[in-house]
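Enquirer: okay, sequence plus prediction incoming.
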Amino acid sequence: MTRTKIVPLNVAALSQEPTDGRRQRSERSRAQIIEAMFQLIQDGDMRPSASQVAERADVGLRTVFRHFEDMDSLYVEMAERITADVMPKILAPFEARDWRGQLMEHLQRRIEIYERIMPVRVSANIRRFQSRFLMEEYRRSLLIESSALKAILPNEINNDPVLFPAIETAVSFQSWRRLRQDSELTPERAADVFRLTLERLVAP
């Protein structure tokens, strides 16, 4: 008589399946909420509410606050994702050997990053006066941008009390936002303004 082979029941695997399913649904909901926040800001709503995010994400308001303690927490997650996205571009080695060439390469990277993150950064700048975290994040970004410039520029420029702040201001996000939004320049024309200003400031 042929015996039927009995396959042992993997209780651990069965018990894991519902848990995995819940985790996947939770991660999917979290991703939808973050994407909804991005979309609202990109559509021009610089101060979206939690209820607007919930509606755009097609989830309940309670779900939003189950994933994020408050709107600042949502901005934290967005900032982390943006940083992870742009950091490879920031850290990429330069092709130019001289500091002027590296400075212009750095400028081009800034322009691309500014253009990509502009809606989110404008939104965060509006809220930062009511948020200690966003104010700290704003100051941290300024410090990072300043350090990146100092790593390229020679000491005589870094130590110049007028020239270095002038360069910082010329290539700042605030200057980019003014050209793009207030002056309504195209990205290409705004980039031309950035390059011309920087070239004049560091001319031999």
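Expert: That came through, no problem.
Enquirer: what's the closest non-adjacent residue to the most centrally placed residue in the chain?
Expert: Centroid-nearest residue in the chain: Ile82, 2.9 Å away (criterion: C-alpha atoms, centre = their mean). Leaving aside its chain neighbours, Ile82 sits nearest to Ile117 (5.6 Å; criterion: C-beta to C-beta, 6 or more residues apart in numbering). C-beta coordinates here come from the backbone N, C-alpha and C atoms, glycine included.
Enquirer: count the neighbours of the one you found for me.
Expert: 19 (other C-beta atoms under 10 Å).
Enquirer: also Met78?
Expert: There are 18 residues near Met78, going by other C-beta under 10 Å.
Enquirer: returning to what we had before: now the residue nearest to the centre of the chain: how far from Glu35?
Expert: Between Ile82 and Glu35 the distance is 13 Å, computed by C-beta to C-beta, to the nearest Å.
Enquirer: list the buried ones in the worst-scoring helix or strand of the chain on mean pLDDT?
Expert: In the chain, the helix or strand scored least confidently by mean pLDDT, DSSP states H and E is helix 11-42, which has a mean of 75. For helix 11-42, a neighbour-count test (16 or more other C-beta atoms under 10 Å) marks Ser29, Arg30, Gln32, Ile33, Ile34, Ala36, Met37, Phe38, Leu40, Ile41 as buried.
Enquirer: surely the second one meets Val64?
Expert: Right, the one you point to is Arg30. No. If you go by C-beta atoms under 8 Å, Arg30 and Val64 don't touch, sitting 9.6 Å apart.
Enquirer: return the residues in contact with Met118.
Expert: Counting by C-beta atoms under 8 Å, 6 or more residues apart in numbering, Met118 makes contact with Phe173, Trp176, Arg177, Arg180.
Enquirer: what ranges in the chain fall below the confidence cut-off?
Expert: The model of the chain has pLDDT under 70 over residues 1-19.
Enquirer: quick check: domain ranges of it?
Expert: Per the record, the chain has its domains at 12-68, 71-204, by automatic domain parsing.
Enquirer: can you report how many residues lie near Ala50?
Expert: If we define neighbours as other C-beta under 10 Å, then Ala50 has 16 of them.
Enquirer: surely it touches Arg66?
Expert: No. Applying C-beta under 8 Å, one finds Ala50 not in contact with Arg66, separated by 11.6 Å.
Enquirer: relative to Ile41, how far out is the residue nearest to the centre of the chain?
Expert: Using C-beta to C-beta, Ile82 is found at 12 Å from Ile41.
Enquirer: what's the overlap in contacts for these two?
Expert: Joint contacts of Ile82 and Ile41 (C-beta under 8 Å, 6+ apart) are Val120.
Enquirer: does Leu74 really touch Gln52, like I thought?
Expert: No. Because the distance of 11.8 Å does not satisfy C-beta under 8 Å, Leu74 is recorded as not touching Gln52.
Enquirer: how many neighbouring residues does Ser123 have?
Expert: Other residues close to Ser123 by other C-beta under 10 Å number 23.
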